[in-house]
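> build me a model:
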Amino acid sequence: MKKNKGNLIVVGDRVLVAPDEGQERTEVGLYLPQTVAGKDSVQSGRIVETGPGIVLPDLRDMDDEPWKSNSHAARTVPMQAKIGDYAIFLRKAAVEIKYQGKPYLVVPQAALLVLIRDDSELSET
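Numbering: from 1, shown residues only. Presented below is the predicted three-dimensional model:
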């Protein structure tokens, strides 16, 4: 996610989510105060950035000669979530941050409950 002041890099098995605006009204039209609207256990939003995934240890480096240089590239378990997916996730696991005045949520992949992806992307895979 490139911005004019620097790059925001998501690490590990986390995703950066632009949260949906909270639902301020009930189905019958009553306005909810912020304290009531914030008690939902799940939340949703659009994924704007993903981390590389879970880094796996390289078993080739587990020898008795730690002074040797290890030139092996890091291996990762890839993320299921992709940029542009709509995610429904557990609110408790999310960490709220602000970046350049906009609110975002950092969510671990394990807290994602459902991903909704555009149909055109599903037919390509």
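> would you double-check that residue 83 falls in a strand?
No - looking at residue 83 with DSSP: H, G, I helix; E, B strand; the rest coil, it is coil, so not inside a strand.
> do I have it right that it meets residue 51?
No - using CB atoms under 8 Å, residue 83 is not in contact with residue 51; the gap is 11.4 Å. (Each C-beta comes from the backbone N, C-alpha and C, glycine too.)
> and those two? Which one has more around it.
residue 51 (20 against 13; other CB atoms under 10 Å).
> count the residues that sit near the residue lying closest to the more buried one once chain neighbours are set aside.
Spatial nearest neighbour of residue 51, excluding adjacent residues (CB to CB, 6 or more residues apart in numbering): residue 10 at 4.3 Å. For residue 10, the count of nearby residues is 19 (other CB under 10 Å).
> need the phi and psi values for residue 10.
With angles defined as degrees, to the nearest 10, residue 10 sits at phi -90, psi 130.
> repeat that for residue 79.
According to degrees, to the nearest 10, the main-chain angles of residue 79 amount to phi -80, psi 140.
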